[in-house]
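> take this sequence and fold it.
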Amino acid sequence: MTDTVDAPADATGLPPETRIGRAALRVADLDETTAFYRDVIGLAVLDRDTERTMLGAGGTPLLVVERDPDRPARGRTDAGLFHTAFRVPSRAALGEALGRVRERWRLDGASDHLVSEALYLDDPEGNGVEIYRDRPREEWPTDLDGTPRVATDPLDVEGVAAAADGGADPGGVVDRAPAGTDVGHVHLEVASLSAFEAVYVDGLGFAVGMAGPDVRFVAAGGYHHHLGANTWRGRTTPSAGRGLAWFEVVVPDAAALDAVRARLDAVAAERDIEFAVEARDDGLAVTDADGIEVRVRTP
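The predicted structure follows:
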């Protein structure tokens, strides 16, 4: 599954091959949260010990769940996660996900975004989750400037349900999300959209797509969005409690990583935005103005 179009890379921004990698959550109850992402979302447990679970699909790690019961619950004003969005490779896989949710959990919402079809729910600790499938690129509506046009229309839920393969048992629940499932995007709740843009657009190099007075969607390679950020709930304080620990942005090579570092250095020198950059063995860890950590690495 690819997010990119056949277009040259923007020398001032991220290469079109850029994608989201893993996400990580801090939770109080590791067993309950692991069971949710295994049995409802359909991820396979790839590795586990008493403090941490790694889950994924098709052998690819997608989600790290870390036990941290001593950390306080996320406060009502804290920035952090709006949802982690798991992208499945087909409408049939989305129908299978809907079957798991209906059988084993509760569906909080469902939308047709024109470019995609999406299901929404919360995990046992209140972390938002989206499961979605993209429509083919050639079917995406676009604005005059070529930006993908996104709406929030009612989803044909029963049509999605009917698309499920059902496995060997027609009408049965398919336990696992298929290979090709990934983290398509991460949506954040932030205190300041201008501070978000300083780090993720001016610094990391994402391009702004759809935008409103209280929301931004940014992407590389003409995708509808790799990151979302909103101020809908009036978050005013940095992330400090349980919830999102970090997420990854994966760039294709060392040159792209060096360009990210150079842009971040320029933002730090020119803008009055509080954020930190730390070198890691596999790339960079950036802690933004809202206390959210994004790790930028190569494959």
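> neighbours of the nearest residue to residue 157 once chain neighbours are set aside, how many?
Counting by Cβ to Cβ, 6 or more residues apart in numbering, residue 110 is the residue found nearest to residue 157 once chain neighbours are left out, at 5.3 Å. Where you see a C-beta, it was placed from the backbone N, CA and C, and this is true even at glycine. When neighbours are counted by other Cβ atoms under 10 Å, residue 110 registers 18.
> helix, strand or coil for residue 110?
Residue 110 carries the three-state label strand when classified by DSSP: H, G, I helix; E, B strand; the rest coil.
> again, but for the one 10 residues further on
Going by three-state DSSP, the secondary structure assigned to residue 120 is strand.
> now the helices: where do they sit in this protein?
30-39, 91-104, 157-163, 193-197, 254-270 (DSSP state H).
> deepest of these, which one?
Stretch with highest mean neighbour count among those: helix 91-104 (a mean of 20; mean count of other Cβ atoms under 10 Å).
> hmm, who's touching that one?
Helix 91-104 is contacted from outside by 39-42, 88, 107, 117, 119, 121, 131-133, 157, 160-167, 173-175, 177-178, 181, using Cβ atoms under 8 Å, 6 or more residues apart in numbering.
> how far away is the residue lying closest to residue 290 once chain neighbours are set aside from residue 129?
Of all residues not flanking residue 290 in the chain, residue 79 sits nearest, at 3.6 Å (Cβ to Cβ, 6+ apart). Residue 79 is 18 Å from residue 129, where distance means Cβ to Cβ, to the nearest Å.
> okay, and the beta partners of residue 48?
When assigned by DSSP bridges, residue 48 has beta-bridge partners residue 53.
> kindly report the same for residue 64.
For residue 64, the beta-bridge partners are residue 24, residue 54 (DSSP bridges).
> pretty sure it sits against residue 23.
Yes: here residue 64 reaches residue 23: they are 7.4 Å apart, a contact under Cβ atoms under 8 Å.
> just give the nearest non-adjacent residue to residue 253, would you?
residue 298 (6.0 Å).
> what pLDDT does that neighbour get?
As predicted, residue 298 sits at a pLDDT of 98.
> for it, what are its contacts?
Residue 298 makes contact with 250-254, 256-257, 282-283, according to Cβ under 8 Å, 6+ apart.
> if I look at it, how far off is residue 211?
For residue 298 relative to residue 211 (Cβ to Cβ), the value is 29 Å.
> what do you get for residue 76?
Residue 76 is 26 Å from residue 211, where distance means Cβ to Cβ.
> which one's more surrounded, the two?
residue 211 (14 against 10).
> could you measure from the more buried one over to residue 150?
Remark: distance between residue 211 and residue 150 (Cβ to Cβ) = 11 Å.
> between the two, which contacts overlap?
With contacts taken as Cβ under 8 Å, 6+ apart, residue 211 and residue 150 have residue 217 as neighbours in common.
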